[in-house]
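# Coordinates only, no sequence provided:
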């Protein structure tokens, strides 16, 4: 009853707002009580130096027996630096075909007490879908808070209501600016509730019952802004809630979450005669099991175009495989669903696996929820007779005998996953239960690049270089994607630009690329260029840097200590073998000593030797960890710097007689 | 004209007329040549090509004074490979005054099988709305079964109840186009000026005829290459091939009414809008008086108002000209579009009797003004001209970082139109010279025996770069500012320790842009035991343009002329001797110049480097290649080092 009243009140408030005119300037008593109270909070030095401080945030989330939620968000901010606070001065409510923003209002109280209240003219509605989507019903209703200045107290109140197909959502308790108080009240009067907190040390549970809970954070500093850090959603304290609107079955484990999702995934049936015929055609020339899987995977990967159209429950539920097959397009769920259907035709049972992709959302194993995933792939339990054939695949989990496949990728071969899937958790949705598993991460020797470089130097330091490059794992897939989307002129342009990084006054000569058509093949590039290799001349001698490709894939490691882990991507290796032919009658002043470092972060080896008038150099580096903890960062920095210094060595070339 | 500017003109559309249901589309037969085409003839290896894009615009008087504009578009695309399949995703955006009455499409498979676009798969939604009146709606669809070798084609009908067609662009974003044409029919009582905007490589052919519906003009162009992203390129509107429209005169009741026949008519419209803005300007007037009434001279008054607006009113940075909101509303919201903010500035100046004009400009990053074709849609911004006794000064308080009397690079070197009541007056904003945009770097460093370098460094910026950089730093929260400046001084050197950073209050644009810091780092550019290669120009290497490709599509347009001067002083420990200094270099050409030198006096080495750019527009390939060589040579010279050796 109370939730209905709240909803009604929300609608009434919405209706009243519609009647408002443009931005209005009001008397001091026209702001709501919660904002007035926030204005009396003495922040002291809390948040000094920030663009703004959240004085208070209060969210109330109620779900009625029919599953309709009402969310009221109130937020009060103190603006400390108007120019840098622009991003914090937006009141944003999210809506789609299932949820509506029923009211949105903002206030700004200047230091002199002048109040500016938003009006209808300030309301902006905008589509809110990502570049990769062709269409989505997601929208935002937004007000760029008018009247804010240095020292202003600004506030907003947004009420929204609707249905959430997965019966759960997440609430952020911290922010990119300091938070004095953040309170969340959740209530499911006619049903049940389960909640989880990803950083329990930062969130106080004020009260809890079977169908309600209240949470509070206080005096939280801003989440640091550091490059190459894990996703913000992993760093900020969040409360995840799962609810059952009218029963006792709110999700409380990954097993339940997976089962629940499977019921959502199972979207009915439609005759799949055409799919069956396509499977027969594809497998007509395949004899062994893995070749058959490969054919089906490759078909969905390459022939079904990735097109994301997300409307209502379509954000969670795939289209029927028959429709996906007919259209020859679909999003990740659609492609996974079609592949599962095709595998089923040959007696293999694959399952949808929800993924929180690397760097974007990354599921927390301690917080079972369906609100933490943004991608779907396929988990295929491999029958005993096929295991030996897939055991070398980096995407095969031998402990659980599961082969992971991501048919959304148009560049990864069977047995390999795109970087965004590797090393993160995925929830396999079996019909009867879910199972959260960590997706395997390829070792460094199966990801990276290797180069063979021959340089013919002239007496003046100019010369010609011939390079052969080959790629492995995710690096190979990236090259496949790169070449597949480029015209000849674009490819030429990319080489012209690339060689300018290696040498001065670079002049690209020619290139050939092989293996680009078939994802299963290794991309091999051969290219040559001329240029001036001398980086400094000293009379009749000159200096040059033998390891001309040394800038490849080196993480940036500034001196500043890190507060957050550093994500350097999945493990990889780079190997370069140089043969630098010196001009006749000239020699290098010295052959550098060998550099060899082995640490918990990887391995570096750089070795030089002379073979006649040819300087031979071998450079190998591998990074074995993908995420460096802040306390390990100084050691990691030393490791990287040792490598960088060694690669930047310059040698003097002088006449033999000198 | 900003999109929302169109709405006052919707008076023509008060009456709602139903658009007759469109007949099923007529599709041109697919030719054998189209079927058999295996590669893009104008961009080999590209994923797809537009075989043809046909437009038809009919501006017809349906009944007395009720004009409609119907725009029909028919596009046929050939897909060559996987990457070209993305051409099958189409999205059309239009203001809500435009009714899209028909979208039809089909995929023609290589086998000849035809798969129609399912009309239920055309998704319509809201891209953007603001307030009650302004909305952009979006229609999106994706073709089924798109595969290499397939042909996709679609037809769209759009209708509006007025006679102001938007510019027609013959190009297609990201794709080459083999044939692109437009047929325009205009009813007999309307005179519509049509201006073909060609590019150097794309010539529009034009034929004219008379039909029962009115005058018809056919435009066509062939082999349009895709417009690609290039550094220092002209804006898209300058690279595209298009037709601009302006309704000039309307006949009614035996009389002819002028619409837009000359630039004065544009000025008149803007003045009328300003009148609306003045309807609520009590607070604007009060604020102007409070800030400036008691100040002694016009310049001081203007500076005070400028400073207030710049520091208190946040700009949306939207391009376009439409003065739709009352002055008091902008002042209280502390937010406005750049044109509104400049108009507010103008009103406040007027209140305290400072002689000024609003100047309409097509900014450098928008398009080059076609002076021979009066048309409001070409303008993207308003700036302010202050007519002081000692000369005119241009100002743009919507730019939060420009000091009074300077404007950001995109407002410079453009031809503006100053609004003088119902008239306009030419108002060219000068490009300035290299000496107006000077970046100066100074450092004095001591080098110890262990190759540790320590000392003070200073950056002093003036002009366009100071404006850009200040704007960037103003948006950085105070607690993060030191971190940003540390990274800038460290220049990517992971070993550099940066301390004692001193900087001005960036929000006060009247303060000089001078930033200082103390630096300490271990130099690691070793040339073997006991030797070091010291690059005194390390910080300058990435500061000037660099071109990497030999083929150039767009003309080159640098933002502004500029000069960069760096001086570094190196005080060497007694144990260190100089083995060699870099040779002096001096290059001069019509583009600019470069010079550098190092001198030694006892244990002190002083190095200077100067680069300047005086020419900003390069239109020919010869000029481009010459510029490329110039910058390549500088890059090579910047690699030269001081060779130091332990004694």
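Here it is on my side, so go on. Owing to the predicted nature of the structure, the values given are computational and were not obtained by experimental measurement.

# Now do the helix or strand harbouring residue B:195: which elements does it pack against?
Under the criterion DSSP states H and E, the helix or strand holding residue B:195 is strand B:190-197. Under the contact definition 3 or more C-beta pairs under 8 Å, 6 or more residues apart in numbering or on different chains; DSSP states H and E, strand B:190-197 sits against strand B:48-63, strand B:176-186, strand B:214-224, strand B:242-252. To be clear about C-beta, it is placed using only N, CA and C from the backbone, and glycine gets the same treatment.

# Roughly how far does residue B:588 sit from residue A:585?
Residue B:588 sits 36 Å away from residue A:585 when distances are taken as C-beta to C-beta, to the nearest Å.

# Those residues of the stretch 51-200 of chain A touching chain B, which are they?
Contact residues (C-beta under 8 Å from any C-beta of the partner chain) of the stretch 51-200 of chain A with chain B: A:51, A:80-86, A:116, A:120-127, A:134-135, A:137, A:139, A:144, A:146-149.

# Taking the stretch 451-600 of chain B, what residue is nearest to chain A?
Of the stretch 451-600 of chain B, the residue with the smallest distance to chain A, taken as C-beta to the nearest C-beta, is residue B:479 at 3.2 Å.

# how about the residue nearest to that residue when sequence neighbours are not counted, what does it touch?
Spatial nearest neighbour of residue B:479, excluding adjacent residues (C-beta to C-beta, 6 or more residues apart in numbering or on different chains): residue A:49 at 3.2 Å. Residues near residue A:49 by C-beta atoms under 8 Å, 6 or more residues apart in numbering or on different chains: A:80, B:477-479.

# now residue B:159
Going by C-beta under 8 Å, 6+ apart, residue B:159 touches B:19, B:68-71, B:98-99, B:101.

# can you check residue B:565 too?
Contacts were defined as C-beta under 8 Å, 6+ apart; by that measure residue B:565 touches B:438-441, B:608-610.

# Now which of these would you call buried?
Buried members of the contacts of residue B:565, scored by 16 or more other C-beta atoms under 10 Å in any protein chain shown, are B:438-439, B:441, B:608-610.

# Now these in TSV, please, with extra columns for distance to residue B:422.
Listed next are the buried ones among the contacts of residue B:565 as TSV, based on distance: C-beta to C-beta, whole Å:
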residue	distance to residue B:422
B:438	42
B:439	44
B:441	51
B:608	55
B:609	53
B:610	50
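
# out of these, which one sits closest to residue A:549?
Taking C-beta to C-beta as the measure, residue B:609 is the one of the buried ones among the contacts of residue B:565 closest to residue A:549, at 28.0 Å.

# Check whether the closest one sits in a helix, strand or coil.
Three-state call for residue B:609 (DSSP: H, G, I helix; E, B strand; the rest coil): strand.

# Leaving out sequence neighbours, find the closest residue to it.
residue B:596 (4.2 Å).

# Please apply the same query to residue A:39.
Nearest residue to residue A:39 in three dimensions, chain neighbours excluded: residue A:153, at 4.8 Å (C-beta to C-beta, 6+ apart).

# Make a markdown table out of the contacts of residue B:565 and add pLDDT and distance to residue B:25.
As requested, those are arranged in a markdown table below (pLDDT from 0 to 100; distance: C-beta to C-beta, whole Å):
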| residue | pLDDT | distance to residue B:25 |
| --- | --- | --- |
| B:438 | 97 | 61 |
| B:439 | 96 | 58 |
| B:440 | 96 | 64 |
| B:441 | 95 | 63 |
| B:608 | 97 | 69 |
| B:609 | 97 | 64 |
| B:610 | 97 | 64 |
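
# now for the helix or strand just after the strand holding residue B:195, which elements pack on it?
Sequence-wise, the next helix or strand downstream of strand B:190-197 (DSSP H and E) is strand B:205-211. Where contact means 3+ C-beta pairs under 8 Å, 6+ apart, strand B:205-211 is packed against strand B:214-224.

# Which of the contacts of residue B:159 fall in helices?
For those, not one is inside helices, with DSSP state H as the criterion.

# Tell me which stretches of the stretch 301-450 of chain A form strands.
Remark: strands assigned in the stretch 301-450 of chain A by DSSP state E, counting those that start in this stretch are A:305-306, A:308-310, A:329-330, A:351-355, A:375-381, A:396-397, A:402-405, A:425-429, A:434-438, A:448-457.

# Considering the ones you listed, which stretch scores lowest in mean pLDDT?
Set side by side, these differ in mean pLDDT, and strand A:308-310 is lowest with a mean of 88.

# contacts for that one?
By C-beta under 8 Å, 6+ apart, the list of residues contacting strand A:308-310 from outside reads A:129, A:132-138, A:331-332, B:123, B:140, B:142.

# What subset of the residues of the stretch 51-200 of chain A next to chain B is buried?
By the neighbour-count criterion of 16+ other C-beta under 10 Å, these include these buried positions: A:51, A:80-86, A:116, A:121-127, A:134-135, A:137, A:139, A:144, A:146-149.

# Dig out what the closest residue to residue B:50 other than its chain neighbours forms beta bridges with.
Distances taken as C-beta to C-beta, 6+ apart put residue B:177 closest to residue B:50, at 4.0 Å, once the chain neighbours are dropped. Listed beta-bridge partners, residue B:177: residue B:50, residue B:224 (assigned using DSSP bridges).

# Any stretches of the chain with poor pLDDT?
In the absence of a named chain, this looks at chain A. Segments of chain A classed as low confidence (criterion: pLDDT under 70) are A:1-29, A:551-553, A:658.

# Hmm, no, I was thinking of chain B.
By pLDDT under 70, the weakly predicted segments of chain B are B:1-24, B:492, B:526.

# Can you list the residue ranges for helices in it?
B:32-36, B:236-239, B:263-278, B:282-292, B:298-312, B:327-333, B:338-351, B:464-474, B:478-490, B:621-637.

# Residue A:311 is nearest to which of the ones you listed?
Judging the helices of chain B by C-beta to C-beta, what sits closest to residue A:311 is helix B:236-239, at 31.4 Å.

# Quick one: residues in contact with the closest one.
Contacting residues not belonging to helix B:236-239 are listed as B:167, B:199, B:227, B:233, B:366-368, B:553-554 [C-beta under 8 Å, 6+ apart].

# about what we covered before: which of the contacts of strand A:308-310 are buried?
The neighbour-count test (16+ other C-beta under 10 Å) marks A:129, A:133-138, A:331-332, B:123, B:140, B:142 as buried among those.

# from these, which is closest to residue A:647?
Each of the buried ones among the contacts of strand A:308-310 was scored against residue A:647 by C-beta to C-beta, and residue A:332 proved nearest at 39.2 Å.

# Same list (the helices and strands packed on strand B:190-197) but as TSV, adding mean neighbour count.
Formatted as TSV, the entries for the helices and strands packed on strand B:190-197 read as follows, by neighbours: other C-beta atoms under 10 Å in any protein chain shown:
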stretch	mean neighbour count
strand B:48-63	20
strand B:176-186	21
strand B:214-224	18
strand B:242-252	19
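
# Perfect, that will be all.
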